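Asks: this is a predicted model, with the sequence first.
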Amino acid sequence: MSAEGLAQAREALGNAEGEDPRRPGRIARLASLRDFLARARALELEPGAAQELFEFDRRPLVKPPGDAGLHGAIPAVTVERELPIVRSREKRGEMEEALATAVRAVDGLRSATWDAARAAQSEAGLRAPEGIAQWPEEILDGTEEIFDDLGAWLLERHTGVKAGAAARHDVLHLLHAPRSASAFPAGEMQRTVRRWAEMLRLVLSEMKIDDEDRPLKRPGARAEPVDPPWEVALTFLPAEGPRALGALLGAIGTALLRLGPPPDAPPEDLWLGDPAVRHACWEVLEGLVRDREWLRRCAKTELSRDDERAIAIAAVIDCRVAAARTLASLQARESGLGSRAAAAHRDLYARATGAELPAGLALRDLDPWFGPLAHLQGRALAARIREFLRDRHDEDWWRNPRSTTTLQALWGRGGRPTCAELWTELGGEPAVNPLLFELSQACG
């Protein structure tokens, strides 16, 4: 991607924004194209570092404690898969320390790609999103009481350590292996989803789901456009627990966004779009794991109220961690990807989770493109969409076939609408309040 091509996209977007009357659809498409080309330009500026970071997770670079001749080095992706579900706290700590040591060794590469991203953003005229600090601060403030009370109690209940003395791996253990995990067998995930889809008369046959458990397969689920709107690949690593089920549901939401537009839609609608909208499509369906009646009817499980709260607090923690990453990324934007940003992230992570973030992992999840902010904005939009669906189709909207028609209005436009436009259509302006209310209700 040349600097000239990026400049042309920037100029076209500027011309569109200066038109009278303005054409929001054209502006949205050109903005998505400009953002995509900026990312491509960043890769062109530092291709070697970007490639090495891309391959890092799969290379055997993490050295667990013990006899190196017996165990050898293992890939980071293997550690990430196993660490959260290990019952022994001492073992988790050893694995996390080894992971942090390996990750820290590539901080130089990470800094190089960060600088390349900033250079590309400058060429594209991309500025920090408006009100970037407001959203995460509102999330942290608005969920502080819930986390300090319920979150700290659940963390101690599940890991045996109090908030303030906990480590990152303790938080991961609560998220991925709560006490209710056995109620969500890995082999039942797709049957649960099919049971729900039949209620909603939702056709999922166009998705090619890869559920093979390969050694280097990443945990969770992802949907990638292969040939939208005809083909989307959904990769899923079966695992026990509600988090794996939520990830599968979320990936289906993303896939439906890619499969929804008509065949003659412009390429921008098929491939690009506002990242907050993609997150919203994920979160609308992922949130079903926090619906008691959905769990009873579709997952065929009835949980105690404390187990329901453990699932709900996971969403609170996810939001707080995204808020911490956003603010730390803002610090890195100002000071560079170095010690000040690392210290800021560690402090913010402790504020968000009551746990210590290893120094070696402090720079890994910072994002020059502010993906964590889009995550928060998408969660808030998803909460507003679910509120709209409940008002229109009642509390059990997820089994009312008429809800499919409403959701198709979202999926059918692909990447065309922006997050702000969808808020306007639903009535209102982007805000964290629907998300904070929904999290409070789920944890109450």
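Replies: Here it is on my side, so go on.

Asks: quick one: residue 4 and residue 16, what's the gap?
Replies: 19 Å (C-beta to C-beta, to the nearest Å). Bear in mind the C-beta positions are built from the backbone N, C-alpha and C, glycine included.

Asks: looking at these two, which has the bigger crowd around it?
Replies: Neighbour count, other C-beta atoms under 10 Å: between residue 4 and residue 16, residue 16 has more, with 18 against 8.

Asks: contacting residues for the more buried one?
Replies: Residue 16 makes contacts with 22-23, 26-27, 30, as judged by C-beta atoms under 8 Å, 6 or more residues apart in numbering.

Asks: now do 10 Å
Replies: Residue 16 is in contact with 22-31, counting by C-beta atoms under 10 Å, 6 or more residues apart in numbering.

Asks: and if you look at residue 248?
Replies: Residue 248 is in contact with 189-190, 192-193, 209, 211, 220-221, 234, 236-239, 285-286, 289, counting by C-beta under 10 Å, 6+ apart.

Asks: could you do residue 144 as well?
Replies: 151, 320, 351-352.

Asks: do the same with residue 85
Replies: So residue 85 contacts 92, 172-173, 176-177, 181, 219, 239-241 (C-beta under 10 Å, 6+ apart).

Asks: give me that answer again for 8 Å
Replies: Residue 85 touches 173, 176-177, 239-240, counting by C-beta under 8 Å, 6+ apart.

Asks: then residue 393?
Replies: Residue 393 touches 400, 402-403, 406, counting by C-beta under 8 Å, 6+ apart.

Asks: so how far is stretch 270-286 off the chain centroid?
Replies: Distance of stretch 270-286 from its chain centroid, counting by C-alpha atoms, centre = their mean, to the nearest Å, is 10 Å.

Asks: considering the contacts of residue 85, which possesses the most neighbours?
Replies: Neighbour counts for those peak at residue 239, which has 24 neighbours (criterion: other C-beta under 10 Å).

Asks: what strand or helix carries that residue?
Replies: Under DSSP states H and E, no helix or strand contains residue 239.

Asks: in space, what's closest to it - neighbours in sequence excluded?
Replies: Spatial nearest neighbour of residue 239, excluding adjacent residues (C-beta to C-beta, 6 or more residues apart in numbering): residue 186 at 5.4 Å.

Asks: quick check: domain ranges of the protein?
Replies: 1-127, 129-443 (automatic domain parsing).

Asks: confidence-wise, which of the ones you listed is weakest overall?
Replies: The stretch with the lowest mean pLDDT among the domains of the chain is domain 1-127, at a mean of 89.

Asks: which stretches of the stretch 301-444 of the chain form helices?
Replies: Secondary structure of the stretch 301-444 of the chain (DSSP state H, counting those that start in this stretch): helices located at 305-335, 339-353, 371-393, 401-411, 419-426, 433-443.

Asks: dump the ones you listed to JSON lines, plus distance to residue 131.
Replies: Output for the helices of the stretch 301-444 of the chain, formatted as JSON lines (distance: least, C-beta to C-beta, whole Å):
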{"stretch": "helix 305-335", "distance to residue 131": "11"}
{"stretch": "helix 339-353", "distance to residue 131": "18"}
{"stretch": "helix 371-393", "distance to residue 131": "9"}
{"stretch": "helix 401-411", "distance to residue 131": "24"}
{"stretch": "helix 419-426", "distance to residue 131": "12"}
{"stretch": "helix 433-443", "distance to residue 131": "15"}
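
Asks: nearest to residue 259 among the ones you listed would be which one?
Replies: helix 401-411 (7.3 Å; C-beta to C-beta).

Asks: thinking again about what came up before, most packed of the domains of the chain?
Replies: Counting by mean count of other C-beta atoms under 10 Å, domain 129-443 has the highest mean neighbour count of the domains of the chain, with a mean of 19.

Asks: from the chain's centre, how far out does it sit?
Replies: Centroid displacement of domain 129-443 relative to its chain, using C-alpha atoms, centre = their mean, is 6 Å.

Asks: now the end-to-end length of it.
Replies: Distance between the boundary residues of domain 129-443 (C-alpha to C-alpha, to the nearest Å) amounts to 30 Å.

Asks: please apply the same query to stretch 257-274.
Replies: 12 Å.

Asks: what's that stretch in contact with?
Replies: Residues contacting stretch 257-274 (C-beta under 8 Å, 6+ apart): 28-29, 32-33, 35-36, 206-207, 223, 225, 228-230, 232, 277-278, 281, 374, 408, 410-419.

Asks: one more time with 6 Å, if that's ok
Replies: Here stretch 257-274 makes contact (C-beta atoms under 6 Å, 6 or more residues apart in numbering) with 29, 32-33, 36, 206, 225, 228-229, 232, 281, 411-412, 414-416, 418-419.

Asks: measure the nearest residue to residue 164 once chain neighbours are set aside to residue 148 for me?
Replies: Closest residue to residue 164 apart from its sequence neighbours, by C-beta to C-beta, 6+ apart: residue 354 at 5.4 Å. The spacing between residue 354 and residue 148, counted by C-beta to C-beta, is 8 Å.

Asks: cool, and residue 119?
Replies: 41 Å.

Asks: now swap in residue 327 and tell me
Replies: 19 Å.

Asks: ok, residue 419 next?
Replies: 30 Å.

Asks: kindly report the same for residue 376.
Replies: As judged by C-beta to C-beta, residue 376 and residue 148 stand 20 Å apart.

Asks: picking up where we left off before, how about the contacts of residue 144, which pair is most distant?
Replies: In the contacts of residue 144, two members sit farther apart than any others by C-beta to C-beta. They are 151 and 351, at 12.2 Å.

Asks: rewinding a little: can you flag which of the contacts of residue 248 belong to strands?
Replies: Among those, the members falling in strands are 209, 221, 234, 236 (criterion: DSSP state E).

Asks: ok, so of those, who is nearest residue 439?
Replies: residue 221 (22.2 Å).

Asks: quickly list what the closest one is bridged to.
Replies: Beta-bridge partners of residue 221, counted by DSSP bridges, are residue 236.

Asks: any idea which helix or strand comes after the helix or strand containing residue 276?
Replies: Secondary structure from DSSP H and E places residue 276 in helix 275-286. Using DSSP H and E, the helix or strand that follows helix 275-286 towards the C-terminus is helix 292-297.

Asks: with residue 319 as the reference, measure out to the residue nearest in space to the middle of the chain.
Replies: What sits nearest the mean C-alpha location of the chain, by C-alpha atoms, centre = their mean, is residue 375, with 5.7 Å. With distances taken as C-beta to C-beta, residue 375 is found 8 Å from residue 319.

Asks: how about the helix or strand hosting residue 195 as PDB, C-alpha atoms only?
Replies: Here residue 195 is covered by helix 189-200, with elements defined by DSSP H and E. Taking Å, rounded to 0.1, in the frame of the first residue of the first chain, the C-alpha atoms of helix 189-200 are listed here in PDB:
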ATOM      1  CA  MET A 189     -22.000 -26.400  22.300                       C
ATOM      2  CA  GLN A 190     -23.200 -26.800  18.700                       C
ATOM      3  CA  ARG A 191     -26.300 -28.700  19.700                       C
ATOM      4  CA  THR A 192     -27.200 -25.900  22.100                       C
ATOM      5  CA  VAL A 193     -26.800 -23.300  19.300                       C
ATOM      6  CA  ARG A 194     -28.800 -25.400  16.800                       C
ATOM      7  CA  ARG A 195     -31.600 -25.800  19.400                       C
ATOM      8  CA  TRP A 196     -31.800 -22.000  19.700                       C
ATOM      9  CA  ALA A 197     -31.500 -21.300  16.000                       C
ATOM     10  CA  GLU A 198     -34.500 -23.600  15.300                       C
ATOM     11  CA  MET A 199     -36.600 -21.600  17.800                       C
ATOM     12  CA  LEU A 200     -35.700 -18.400  16.000                       C
END
